[in-house]
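only the shape, not the letters, is given here:
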């Protein structure tokens, strides 16, 4: 089956592939839109009812199924996923709204100037565009509690840095390409930092351990601005 | 209790892993060589999910502040119990105050010190594995340090029997081809986006494991692999064994501490049945990927299942007859 996995967004058809014997990846066609992501959430809920699934990892317009035992015929599961994808309605999650105060710029948002230079905007325009929008948590991943956010205004999209910051603080407000985020752990990070939020995104003693859930919405507001 | 007397970087408490939390961004962690940990737990009559100590830097020494039976699996190494040599892959018994020292392995990379009843650290999100990146699980979410004290749950005392190491019991003919470790792998999602030449070379190259290899992943050295054209991928789920190719072209095999999501092109997936072989390959070792399909990958788990079943049966017989011979061994509970 992996042999068929050629193009991603182009064909208009989902791409299903195996990674090893126990993981299957479903990739939706088309752009990274909230509508596509809502269909991924619907697929996730449906796949969660399968008794051969040990874990589900939603990604950005894709979904990974980790099986408890390898499927005997992966093609059967792939067909099931394609059928579910075609027939399921979008899953609208009435997420919670988080209002997150940001200390924009300064030492903890040191890439603000770079984002401004890349986008041709002034740093204060970058800031006002960033907190004008509403963001949606599409998926959690990469680090414990980290949310991939949809909703970044394309005017301030900025590619990841060629040289990652070695020790970016947890809570750093970031832009990585068309994705926005708040870093969950202190460590190396290739996304552009534009500010800092006092926020604990993950606590293993909490249930659920992650602050954000898929479908939650986030609005940023400036707590302070240092240009 | 046991007290760690000597350790260096990155020796941790691990069980078979933390499952069910990848949707929150929490990777599984767990033993790099889950087979070796399973063997240790079976030998000791432990539960399958009991935790042990994973050692990847040597020497490592612990003192038994309470008597306990133990087995060191994963490697062939010189083991010393208070001046007396003991065997790896075997059940031994330590009395109060004895010190176990695990020397550098002659074969293998990661040793598992398994103790009767398991190493009793708190369950965090359903597992005792250390999550180094998140800083939780295991002992306070960090590697072990000299002076650390670990609670041992205690179990029946036993000794004097062992297991045939998997490297012997599960050896493949190709294991003897000049120190190259062969790993079976299945082409993955982006396999056909690489050039024909890169795909051929992926299988033919003897890749070298670089020093930038750890519990997160193994970075390999060899002539870079090229895509037909650059692609930008959206973040997708990661599982141990996935072989990714970053822009520089040298593959990375994700391992037990892999992040839950990533964005590099995926050329292949190492089959689950061979991941322990990679976990036991040291830095500098050459590895080769051997193409297989889904059914071969699934079938490859069968010899491992049989090996573990045989071991369970042997241990049950041995422990049963040992109980009949000596019903009141000190510490025995059954």
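Ah, there it is. Just so it is clear, the structure is predicted and the values come from calculations on it, not from any experiment. Numbers count the residues shown, from 1 in each chain, chains lettered A, B, ... in the order given.

show me where the stretch 101-250 of chain B has strands.
B:111-115, B:149-150, B:180-187, B:207-209, B:217-221, B:236-237, B:242-244 (DSSP state E, counting those that start in this stretch).

including mean neighbour count, could those go into CSV?
For glycine as for every other residue, the C-beta is placed from the backbone atoms N, C-alpha and C. Formatted as CSV, those follow (neighbours: other CB atoms under 10 Å in any protein chain shown):
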stretch, mean neighbour count
strand B:111-115, 28
strand B:149-150, 16
strand B:180-187, 22
strand B:207-209, 20
strand B:217-221, 21
strand B:236-237, 27
strand B:242-244, 26
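
out of those, nearest to chain A?
strand B:236-237 (3.1 Å; CB to the nearest CB).

just to revisit the earlier point, now the strands of the stretch 101-250 of chain B as CSV including mean pLDDT?
Shown next, in CSV, are the strands of the stretch 101-250 of chain B (pLDDT from 0 to 100):
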stretch, mean pLDDT
strand B:111-115, 98
strand B:149-150, 98
strand B:180-187, 97
strand B:207-209, 98
strand B:217-221, 96
strand B:236-237, 95
strand B:242-244, 96
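
for residue A:124, find the nearest of these.
Counting by CB to CB, residue A:124 lies closest to strand B:236-237 out of these; the figure is 35.6 Å.

how far does that closest one sit from the chain's center?
23 Å (CA atoms, centre = their mean, to the nearest Å).

so is it next to chain A?
Yes. Taking CB under 8 Å from any CB of the partner chain as the criterion, strand B:236-237 and chain A are in contact, through B:236, B:237.

so for the residue of chain B positioned farthest from its centre, what's the nearest residue that isn't a sequence neighbour?
Ranked by distance from the centre of chain B (CA atoms, centre = their mean), the top residue is residue B:229, with 36.4 Å. Residue nearest to residue B:229 in three dimensions, not counting chain neighbours: residue B:193, with 7.9 Å by CB to CB, 6 or more residues apart in numbering or on different chains.

what is the burial count for the one you found?
Using other CB atoms under 10 Å in any protein chain shown, residue B:193 has 21 neighbouring residues.

that one reaches residue B:232, doesn't it?
No. Residue B:193 lies out of contact with residue B:232 (CB atoms under 8 Å); the separation is 11.9 Å.

residues contacting the closest residue to residue A:211 other than its chain neighbours?
In this structure, residue A:211 finds its nearest non-sequential neighbour in residue A:201, 4.9 Å apart by CB to CB, 6+ apart. By CB atoms under 8 Å, 6 or more residues apart in numbering or on different chains, residue A:201 lies in contact with A:144, A:145, A:146, A:147, A:170, A:171, A:182, A:184, A:210, A:211, A:212.

how far away is residue B:185 from residue B:289?
Per CB to CB, to the nearest Å, residue B:185 is found 5 Å from residue B:289.

also residue B:210?
Per CB to CB, residue B:210 is found 16 Å from residue B:289.

excluding sequence neighbours, find me the nearest residue to the residue at the greatest distance from the centre of chain A.
The C-alpha centroid of chain A is most remote from residue A:72, which lies 31.4 Å away (CA atoms, centre = their mean). Leaving aside its chain neighbours, residue A:72 sits nearest to residue B:298 (7.7 Å; criterion: CB to CB, 6+ apart).

now for the residue nearest to residue B:229: which residues touch it?
A:6, B:227, B:228, B:229, B:231, B:265.

outline the domain layout of the chain.
This is for chain A. Domain assignment for chain A by automatic domain parsing gives A:2-87, A:97-226.

chain B was what I was after
B:2-165+B:310-325, B:173-299.

CSV for those domains, including distance to residue A:32?
Shown next, in CSV, are the domains of chain B (distance: least, CB to CB, whole Å):
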stretch, distance to residue A:32
domain B:2-165+B:310-325, 19
domain B:173-299, 6
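
what residue lies at the spatial centre of chain A?
Short answer for chain A (CA atoms, centre = their mean): residue A:148, at 2.1 Å.

shouldn't residue B:311 be within a helix?
Yes. The assignment for residue B:311 by DSSP: H, G, I helix; E, B strand; the rest coil puts it in a helix.
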